[in-house]
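> Pasting the sequence and the predicted coordinates here, then a few questions.
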Amino acid sequence: MASTDTTKTAPRDAGSVEAGLDALETAVVGRAPLRQTIVNKILPPLVAIAVVLAAWSLLYPVVDNPTKLPSPAAVGGAFKDAWLRGDLLGYIWTSVSRGLLGFAFALLIGTPLGLLVARVKFVRAAIGPILSGLQSLPSVAWVPPAVIWLGLNNSMMYAVILLGAVPSIANGLVSGVDQVPPLFLRAGRTMGATGVRGVWHVTLPAALPGYVAGMKQGWAFSWRSLMAAEIIANFPDLGTGLGQLLENARTASDMAMVFEAILLILFVGIAIDLLIFSPLERWVLRSRGLLVKG
């Protein structure tokens, strides 16, 4: 009887231990207080901006040459003038719309290409080194041939974005697929997840960390490629994006406008990362228990 009681209570004890471990791993958190959010997330960037502005204000009298370093007030005046003319949002939208649309096309091409390279050995041996080489090639190198092939139009812009972003997205997905445990794939096949279903339900979800890293890097390459194309292929019919604004300021030797364009390019890059890729990255990490919500 004693042995029978022991065998009956053993599963219960194991279950209670497992439940206790699950409880320890589960973090019960609520919404952070407003003061904590301000101190942890809003105050640090504000302090950094204040330090940069203070250093800029101190350095400007030392340089004492507005053609080399404009004052913060002059750059602020350039922003104000562009806003009052109604051009500021137009500059941003022209570039952002091109960048996001080109990046969407890059995702549509880079995702199946990455899966093909990751799963087919012959394709990896043939194309893998080329993708790595293309990823290290400066985006600006694609602008002259794209202009010759397609002319000065938006198609040229999108071609440069694709050539800059597709290799990063594909290589990121290849890296993510390579890190999928073989046990996941075998379990998926056992449950009938083969072919396209296996890719959709097993391979892609398991490869998400590498895929998201590739997407994030792909966007950075997309944005840099677009800026290079707008700076070099400056044509009135294309509209004035941030790259064209920077080139126009250089042509006019207007350093205040140069700094305006640089700050806008930096602002858009940071905003896209904070609004799209950082939340996506946190969601992927949190779904795998690698990041505590709080």
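On my side now, so go ahead.
> When you work out contacts or count neighbours from here on, use the C-alpha atoms and nothing else.
Fine.
> which ones are touching Ser71?
Neighbour list for Ser71: Trp56, Ser57, Tyr60, Ala256 [criterion: CA atoms under 8 Å, 6 or more residues apart in numbering].
> Surely the third one and Lys68 touch.
No - taking contacts as CA atoms under 8 Å, Tyr60 lies outside contact range of Lys68: 9.4 Å.
> which of these two has more neighbours?
Tyr60 (16 against 13; other CA atoms under 10 Å).
> now the more buried one: how far from Gly172?
Counting by CA to CA, to the nearest Å, the gap from Tyr60 to Gly172 is 43 Å.
> Let me know how buried Leu131 is, in neighbour terms.
Number of residues near Leu131 (other CA under 10 Å) recorded here: 20.
> Quickly find the element holding it.
Using DSSP states H and E, Leu131 sits within helix 121-136.
> Could you export the very next helix or strand once past that helix as CSV, CA atoms only?
Using DSSP H and E, the helix or strand that follows helix 121-136 in sequence is helix 143-150. Only the C-alpha atoms of helix 143-150 are listed here, as CSV (Å, rounded to 0.1, in the frame of the first residue of the first chain):
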residue,chain,number,x,y,z
VAL,A,143,22.8,54.7,-58.5
PRO,A,144,24.7,55.3,-61.8
PRO,A,145,23.7,52.0,-63.4
ALA,A,146,20.1,52.4,-62.2
VAL,A,147,20.0,55.8,-63.8
ILE,A,148,21.4,54.4,-67.1
TRP,A,149,19.0,51.5,-67.1
LEU,A,150,15.8,53.1,-66.0
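> which helices and strands sit right next to the helix or strand that helix 143-150 is followed by?
Using DSSP H and E, the helix or strand that directly follows helix 143-150 along the chain is helix 154-178. Applying 3 or more CA pairs under 8 Å, 6 or more residues apart in numbering; DSSP states H and E, one finds that helix 154-178 contacts helix 88-119, helix 121-136, helix 143-150, helix 204-206, helix 208-232.
> average pLDDT across helix 154-178?
Mean per-residue pLDDT for helix 154-178: 90.
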